[in-house]
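Colleague: Here is my input; please provide its structure:
(one chain, ligands or ions: 1)
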Amino acid sequence: MTNGRFADLEGASVLITGGGSGIGAALTEGFVAQGARTAFIDIDADAGQSLVGRLGAAHDNVPLFLHADLRDVEALRSSIARAVESHGPISVLVNNAAWDDRHEIEDVTPEYWDRNQAINLRHQFFAIQAVTPDMKKAGRGSIVNFTSTSYMMNLGTLPVYTAAKGGVVGLTKGLAGALGPYGIRVNAIAPGWVMTERQKQLWVTDEGLQDTLEQQCLKRLLQPEDMVGPCLFLASGASAGMTAQTMIVDGGIQ
Ligand SMILES: NC(=O)c1ccc[n+]([C@@H]2O[C@H](COP(=O)([O-])OP(=O)(O)OC[C@H]3O[C@@H](n4cnc5c(N)ncnc54)[C@H](O)[C@@H]3O)[C@@H](O)[C@H]2O)c1
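Modeller: The predicted structure is shown next:
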């Protein structure tokens, strides 16, 4: 896949949440390939270390893996502080981590609700809160929040997740308004169905794939790498006039 070259990302200090596997790992690799000083936070130590090993063998700018649970706001804050210590003030934040758990309405407890929102919505706000003081000082910064087309699709199997993903769009627009005067841009990416290992292991069925391909304009399944170009574009000065937007990357359904 060709992602092009975004010269201003070379040497940029980039932080990606959930960057150890799935779409996040493709994003980590994409930013490393641009020459960015890339840090990623993930709860999965094995995935994080193996990604560092793989990318370290191919690139000089080895990414920094920060092992933390993003539901723990203090752990998130201290991970961000470590990224800043190693790479300098963050100029690009990618809020990617999520947990697309399925649930029945009657099984959702207040504790489940809070846990779900903590990984699907809350950490995005607190990561933004932590990086914006430095971005304000620099007078620039780009934030990319991952939402999902699922919140527009009346899916019945994961309403707590889709509520959070709808919230990501509201968060994106609200913070774009608050941070635009400081030169900080906040945009979102809404992927369609992307064939990560987790999707293949847990949710893919022949019928689901067939339905998706029938609905998509593009008659191929989306891969994690399909999210990289759009994210690099939103992170870089190539999109300097864009903020408060949600870019849909779903092969043409919405
Ligand atoms: N894959 C899809 O089809 C799809 C569709 C629409 C939207 N998205 C969105 O794209 C983004 C990436 O999705 P994905 O499919 O790659 O997800 P994934 O589940 O494959 O990967 C998520 C990553 O986040 C990490 N993570 C999960 N919980 C964490 C926690 N508490 N603390 C720290 N790290 C944690 C995981 O270890 C993993 O590396 C998400 O925001 C998701 O909602 C994905």
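Colleague: Could you check how far Met242 is from the ligand?
Modeller: Distance from Met242 to the ligand, counting by C-beta to the nearest ligand atom, to the nearest Å: 19 Å. In this view, the C-beta of every residue, glycine as well, is placed from N, C-alpha and C.
Colleague: quick one: Thr157 from Ile119, how far?
Modeller: Between Thr157 and Ile119 the distance, using C-beta to C-beta, to the nearest Å, works out to 17 Å.
Colleague: So for those two, which residue has more residues nearby?
Modeller: Comparing Thr157 with Ile119 by other C-beta atoms under 10 Å, the one with more neighbours is Ile119, at 22 against 13.
Colleague: Now do the contacts for the closest residue to that one other than its chain neighbours.
Modeller: Once flanking residues are discounted, Ile119 sits nearest to Trp99: 4.5 Å by C-beta to C-beta, 6 or more residues apart in numbering. Neighbouring residues of Trp99 by C-beta atoms under 8 Å, 6 or more residues apart in numbering: 116, 119-120, 161.
Colleague: for the stretch 101-250 of the chain, which spans come out with low pLDDT?
Modeller: Within the stretch 101-250 of the chain, no stretch has pLDDT under 70.
Colleague: Tell me the residues of it that contact the ligand?
Modeller: By the rule C-beta under 6 Å from any ligand atom, the part of the stretch 101-250 of the chain lying against the ligand is 119, 146, 148, 150, 191, 193-194, 196, 198-199.
Colleague: Mind giving me the ChimeraX select for the residues you listed, buried ones only?
Modeller: Selection of the buried residues among these in ChimeraX, burial being defined by 16 or more other C-beta atoms under 10 Å:
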select :119,146,148,150,191,193,194,196,199
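Colleague: Show me where the stretch 1-150 of the chain has its helices.
Modeller: Along the stretch 1-150 of the chain, counting by DSSP state H, counting those that start in this stretch, helices occupy 22-33, 45-58, 73-87, 110-117, 123-138.
Colleague: could you dump the ones you listed to TSV with mean neighbour count?
Modeller: Conversion of the helices of the stretch 1-150 of the chain to TSV gives the following (neighbours: other C-beta atoms under 10 Å):
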stretch	mean neighbour count
helix 22-33	25
helix 45-58	15
helix 73-87	17
helix 110-117	14
helix 123-138	19
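Colleague: With distance to Thr172 added, can I get the ones you listed in a markdown table?
Modeller: Shown next, in a markdown table, are these (distance: least, C-beta to C-beta, whole Å):
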| stretch | distance to Thr172 |
| --- | --- |
| helix 22-33 | 17 |
| helix 45-58 | 26 |
| helix 73-87 | 18 |
| helix 110-117 | 16 |
| helix 123-138 | 9 |
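Colleague: so which of those helices comes closest to Met227?
Modeller: helix 22-33 (5.0 Å; C-beta to C-beta).
Colleague: now that closest one against helix 45-58, angle please.
Modeller: Angle, helix 22-33 to helix 45-58, by axes from the mean of the first three to the mean of the last three C-alpha atoms, to 10 degrees: 30 degrees.
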